[in-house]
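A.B. asks: one predicted model, sequence on top.
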Amino acid sequence: MSVIVPGGTIGILGGGQLGRMTGMAARSLGYDVQVLDPDPDCPARAVASRTITARFDDADAAADLARDCDVVTLEIEQIGRPALEAVSGMAPLRPRAEAIFTVQDRIRQRSWLDTHGFPVGGYRAVMTADECADAVSVLGPSICKSPMGGYDGRGQRRVRTPDEAREAHESLGGGRVIVEQFLDLDLELSVLVARREDGAFAVYPPSVNHHVHGVLDWAICPGGLAAPLVQHAQQVAHAIADTMGIVGLLAVELFLTKDGRLLVNELAPRPHNTYHHSERGHSTSQFEQLVRAVCGLPLGEVASVVPAAIANLLGDLWVEGARPHFAEALTIPDVRLHLYGKASARPGRKMGHLSAIAPSAQEALDKVLEARRLLSPD
Ligand SMILES: Nc1ncnc2c1ncn2[C@@H]1O[C@H](COP(=O)(O)OP(=O)(O)O)[C@@H](O)[C@H]1O
Ligand SMILES: [Mg+2]
């Protein structure tokens, strides 16, 4: 296994907040960082020694990034295949192109999970409005999702009837759509797995996550889940990462249904919003762990050291020139503010998060929610 020791250069495809925080961790460990992102003012620019401004399907730009790097990883999976292959020809790409390609399309990802025997909810891949309507008449109330490019609940439509399914198919732009049965959820959780090229791995304890309108609102760890459920979720997540041959991180989003089924919702081959509390509650943050995993260093400890919580800060807090009351939020003991350095705030855009630690996850959550309330301009 090739080890990239501190002093080396890590390339990151994507310069959003995940790239920025990965870059900070890489810098702490003594690595140089270069990023590629279409936005010249991307959040990771502040920590990168070189920022290449290019689209994610620009194979020449991707090769240009890789040429200067000892290893390349990513913080967003929507990278064109030719660009992934151009990187692979120049430097180790971790995770490898094939795994990213499988994950980046919801239909490919779901059928991969299904054919490999991982538990998923009812779904159908459709092409036409008629097929979409048929799927809903079989599955019942469902969510229609665009296969590519959706995040934070974007590119999704909830439907109850075949007629609504037709409309949803059209409003999603037609063509390939995945229809997923709407599940009655007890809770949502995620499990982060770090895996090295030689198969060494570390599985974080599950995070319990709360979404509002399809966007993560808060996350806590530990989540107060029964031990057998924790074990089951960790086993499933590790088996997926192993089968897929992930080198780096794999975040596995899971649903626990009211009738007690543990189902895989979706995968992300990179750091994940739901594990931002790992910077507070674990001796190894997800960002440091990614650096360790892709560089072939020993993986860090992942047991929970102290209960931790995060709450997301969306652009809505900034609307109409409002200035959030940062100083007030920071009066809450053990609360930290994490801002991503995004110049323009739009409603729904992730601008930052608050984190806290406390003797229990509930108290940590109370702290971040109270801090967010204090921060709110109204
Ligand atoms: N089949 C489903 N049944 C119930 N809720 C769902 C289903 N699919 C998605 N959701 C809800 O929408 C959220 C976002 O959906 P997800 O597929 O994870 O897309 P995204 O890429 O936007 O995170 C989920 O975290 C969950 O709260
Ligand atoms: Mg999701």
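C.D. replies: Looks like it arrived, so ask away. Ligands and ions are numbered 1, 2, ... in the order given.

A.B. asks: look up how far ligand 1 lies from residue 172.
C.D. replies: As for residue 172, its distance to ligand 1 is 13 Å (criterion: C-beta to the nearest ligand atom, to the nearest Å). Placement of C-beta: from N, CA and C, glycine included.

A.B. asks: how about the residues of the protein near ligand 1?
C.D. replies: Taking C-beta under 6 Å from any ligand atom as the measure of proximity, the chain contacts ligand 1 at 121, 143, 150-153, 180, 182-183, 185, 188, 211, 214, 253, 265-266.

A.B. asks: pull out the buried members of these.
C.D. replies: Buried positions within the residues of the chain next to ligand 1, assessed by neighbour count (16 or more other C-beta atoms under 10 Å), are 121, 143, 150, 152-153, 180, 182-183, 188, 211, 253, 265-266.

A.B. asks: report the central residue of this structure.
C.D. replies: residue 272 (3.1 Å; C-alpha atoms, centre = their mean).

A.B. asks: how about the spatially closest residue to residue 213 that is not a sequence neighbour, secondary structure?
C.D. replies: Of all residues not flanking residue 213 in the chain, residue 153 sits nearest, at 6.0 Å (C-beta to C-beta, 6 or more residues apart in numbering). Going by DSSP: H, G, I helix; E, B strand; the rest coil, the secondary structure assigned to residue 153 is coil.

A.B. asks: was I right to think the residue nearest to the centre of the chain contacts residue 191?
C.D. replies: No - at 9.8 Å, residue 272 and residue 191 do not qualify as touching, with contact defined as C-beta atoms under 8 Å.

A.B. asks: so for the two, which residues contact both of them?
C.D. replies: Among the neighbours of residue 272, those also in contact with residue 191 (C-beta atoms under 8 Å, 6 or more residues apart in numbering) are residue 251.

A.B. asks: can you name every helix or strand that the longest helix that the chain contains contacts?
C.D. replies: Residue-count comparison of every helix in the chain, with assignments taken from DSSP state H, identifies helix 227-244 as the longest. Contacting helix 227-244 under the criterion 3 or more C-beta pairs under 8 Å, 6 or more residues apart in numbering; DSSP states H and E are the following elements: helix 97-103, strand 185-195, strand 201-203, strand 248-257, strand 262-268.

A.B. asks: run the angle between that helix and strand 262-268 for me.
C.D. replies: In this structure, helix 227-244 runs at an angle of 40 degrees to strand 262-268, with axes from the mean of the first three to the mean of the last three C-alpha atoms, to 10 degrees as the basis.
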